[in-house]
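K.L.:
Predicted model, plus sequence, below.
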Amino acid sequence: MSTSDKIGNFSERMKQRIEEASTVRKIVAIILSCLVLIILIGTVSGYLYVKSAMEPVDPDDDSQIGVEIPLGSSTSQIAQILEDNGIISNSLVFRFYIKFNNVAEFQAGEYDFSPSMSFGEIVDALQTGTVLKEPVLSITIPEGKNIEEIASIFAEKAGINADDFIKKTEDVEYVQQLINKHPSILSEAVLDPEIRYPLEGYLFAATYDFYEENPGIEKIIESMIRKTENVVTPYLDSISEQDGVGSVHEALTMASLVEKEARTEKDRKLIAGVFYNRLAEDMMLQTDPTVLYAKGEHKSRVLFEDLEVESPYNTYQVTGLPVGPISNFGENSLKSILEPEDTSYMYFVAAEDGTVYYSETYEKHQQLTQEYLHRDAAGE
């Protein structure tokens, strides 16, 4: 091939490459333009969508809509309630609005809202309670109460039938619905046939406000379960990491034992520490409140003969935790079982005046039991 032919071929190839490069640049430019356009359209659409969602549902509608925000409702639950009642158009956008504005806690209660209210007005009302109605009933459930005692309180204060309340807590179909609705705290463990009341320990100690004279039993129970969920949820990770309690059910069981045994913050942590020490050694917990729960009795003093009652709740007869909680609990008791005192104590005696005496040896425990409970200590 002559030199001129080689030069001609080279020129042709260069021309071809230049044309290809030009084509590639055009294609890239078109793709980039399309991407920019898509991003621009998405941004504008997103802006318009959020802007629309933040505007009042109907600026011209000043009609009042009664909305109840139950005690213990989370931000997500409140947003969904507002959307369901037509006060806002988008619960997700409302939640982002709350988050980005660092909004503090809301007040539970019954409010009068209108579709013409802005996000700011709604949030202000929920924070200040400016459109909050006065509750018709305000009922306090103390810590350490069991299902039967809780039923009696509502029977006295709200006029419900205590037996019907108890039967509802035993209704397997209803309890299963609650398990499905609140899976973070309720599990199939509560349906163990050896458990006396499936919801024992899950009806939180708190003050509950109701805005009608005769709140239904299901409404009462749902309010209490929701409160328990609200209190327990922040501790779920700690519960999963805590040795000695393998589930929420076991954590609530342990918390109920501490609640019944201790009166002070110091004793809660120490007693929790003793319980964990005994569990680690495969020793029975031997806590008197479980005996009384097993017998279904309220006594100021547990006798030696009482310790022999056969029950999955009696910790003088079963090793480890009882089959379920024996009462409700306060948040401090839950915290104590997750932050127990690191102690060498293996025993304690709770005297009738509430004072708790601790010991490391069985011999010392025997002495304290005789002195303060006037009975022999159970075997190790």
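P.N.:
Perfect, I can see it now. Fair warning: this is a prediction, and the values are worked out from it, not measured in the lab.
K.L.:
For stretch 92-103, buried residues please.
P.N.:
The neighbour-count check on stretch 92-103 (16 or more other C-beta atoms under 10 Å) flags Val93, Phe94, Arg95, Tyr97, Ile98 as buried. Using the backbone N, CA and C atoms, a C-beta is placed for each residue, glycine as well.
K.L.:
actually stretch 64-80, sorry about that
P.N.:
Judged by neighbour count using 16+ other C-beta under 10 Å, the buried positions of stretch 64-80 are Val67, Glu68, Ile69, Pro70, Leu71, Gly72, Ser73, Gln77, Ile78, Ala79, Gln80.
K.L.:
how about these in a markdown table, adding pLDDT?
P.N.:
Formatted as a markdown table, the buried residues of stretch 64-80 follow (pLDDT from 0 to 100):
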| residue | pLDDT |
| --- | --- |
| Val67 | 87 |
| Glu68 | 86 |
| Ile69 | 88 |
| Pro70 | 85 |
| Leu71 | 80 |
| Gly72 | 79 |
| Ser73 | 85 |
| Gln77 | 91 |
| Ile78 | 92 |
| Ala79 | 91 |
| Gln80 | 93 |
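K.L.:
Keep only those of those residues that are in strands.
P.N.:
Applying DSSP state E to the buried residues of stretch 64-80, the entries found in strands are Val67, Glu68, Ile69.
K.L.:
Mind listing the residues bridging to the first one?
P.N.:
Translated: Val67. Beta-bridge partners recorded for Val67 (DSSP bridges): Tyr111.
K.L.:
distance of it from Asn85?
P.N.:
5 Å (C-beta to C-beta, to the nearest Å).
K.L.:
Mutual contacts of these two, please.
P.N.:
Shared contacts of Val67 and Asn85 (C-beta atoms under 8 Å, 6 or more residues apart in numbering): Phe113.
K.L.:
how close does the residue nearest to Ala189 when sequence neighbours are not counted sit to Met224?
P.N.:
Leaving aside its chain neighbours, Ala189 sits nearest to His249 (4.2 Å; criterion: C-beta to C-beta, 6 or more residues apart in numbering). As for His249, its distance to Met224 is 17 Å (criterion: C-beta to C-beta).
K.L.:
repeat for Glu105
P.N.:
19 Å.
K.L.:
Between those two, which has more neighbouring residues?
P.N.:
It is Met224, of Glu105 and Met224, that has more neighbours when counted by other C-beta atoms under 10 Å, with 24 against 8.
K.L.:
and that one, what pLDDT?
P.N.:
Note on Met224: pLDDT of 94.
K.L.:
Need the contact partners of the helix or strand harbouring it.
P.N.:
Met224 belongs to helix 217-232 when assigned by DSSP states H and E. With contact meaning C-beta under 8 Å, 6+ apart, helix 217-232 is reached by 70-74, 77, 141, 154, 158, 160, 164-165, 168-169, 174, 178, 182, 184-186, 199, 202-204, 206, 208, 210, 239, 248, 251-252, 331, 334.
K.L.:
buried ones in it?
P.N.:
217, 220-232.
K.L.:
can you list those in JSON lines and add distance to Leu257?
P.N.:
Below are the buried residues of helix 217-232 laid out as JSON lines (distance: C-beta to C-beta, whole Å):
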{"residue": "Ile217", "distance to Leu257": "28"}
{"residue": "Ile220", "distance to Leu257": "25"}
{"residue": "Ile221", "distance to Leu257": "23"}
{"residue": "Glu222", "distance to Leu257": "26"}
{"residue": "Ser223", "distance to Leu257": "25"}
{"residue": "Met224", "distance to Leu257": "20"}
{"residue": "Ile225", "distance to Leu257": "21"}
{"residue": "Arg226", "distance to Leu257": "24"}
{"residue": "Lys227", "distance to Leu257": "21"}
{"residue": "Thr228", "distance to Leu257": "17"}
{"residue": "Glu229", "distance to Leu257": "21"}
{"residue": "Asn230", "distance to Leu257": "22"}
{"residue": "Val231", "distance to Leu257": "18"}
{"residue": "Val232", "distance to Leu257": "16"}
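K.L.:
ok, those vs Leu40, which is closest?
P.N.:
Of all these, Asn230 has the smallest distance to Leu40: 42.3 Å, by C-beta to C-beta.
K.L.:
Glu213 versus the closest one, what's the distance?
P.N.:
Counting by C-beta to C-beta, the gap from Asn230 to Glu213 is 26 Å.
K.L.:
Likewise for Leu321?
P.N.:
Taking C-beta to C-beta, one finds Leu321 at 40 Å from Glu213.
K.L.:
More neighbours: these two, which one.
P.N.:
Between Leu321 and Glu213, counted using other C-beta under 10 Å, the more crowded position is Leu321 (23 against 9).
K.L.:
count of neighbours near Asp61?
P.N.:
Applying other C-beta under 10 Å, we find 13 residues neighbouring Asp61.
K.L.:
actually Asp237, not the one I wrote
P.N.:
10.
K.L.:
was I right about the residue nearest to Ala189 contacting Asp192?
P.N.:
No: His249 lies out of contact with Asp192 (C-beta atoms under 8 Å); the separation is 9.1 Å.
K.L.:
between the two, which one's more packed in?
P.N.:
Using other C-beta under 10 Å as the criterion, His249 and Asp192 rank with His249 on top: 24 against 12.
K.L.:
The more buried one and Gln370, how far apart?
P.N.:
According to C-beta to C-beta, His249 and Gln370 sit 36 Å apart.
K.L.:
Show me which residues of the helix or strand containing Lys364 are buried.
P.N.:
In the assignment (DSSP H and E), Lys364 maps to helix 362-373. Buried residues in helix 362-373, counted by 16+ other C-beta under 10 Å: Lys364, His365, Gln366, Leu368, Thr369, Tyr372, Leu373.
K.L.:
ok, now stretch 149-162?
P.N.:
Ile150, Ala151, Ile153, Phe154, Ala158, Ile160, Ala162.
K.L.:
what do you get for stretch 259-278?
P.N.:
Neighbour counts over stretch 259-278 (16+ other C-beta under 10 Å) mark 259-262, 267-278 as buried.
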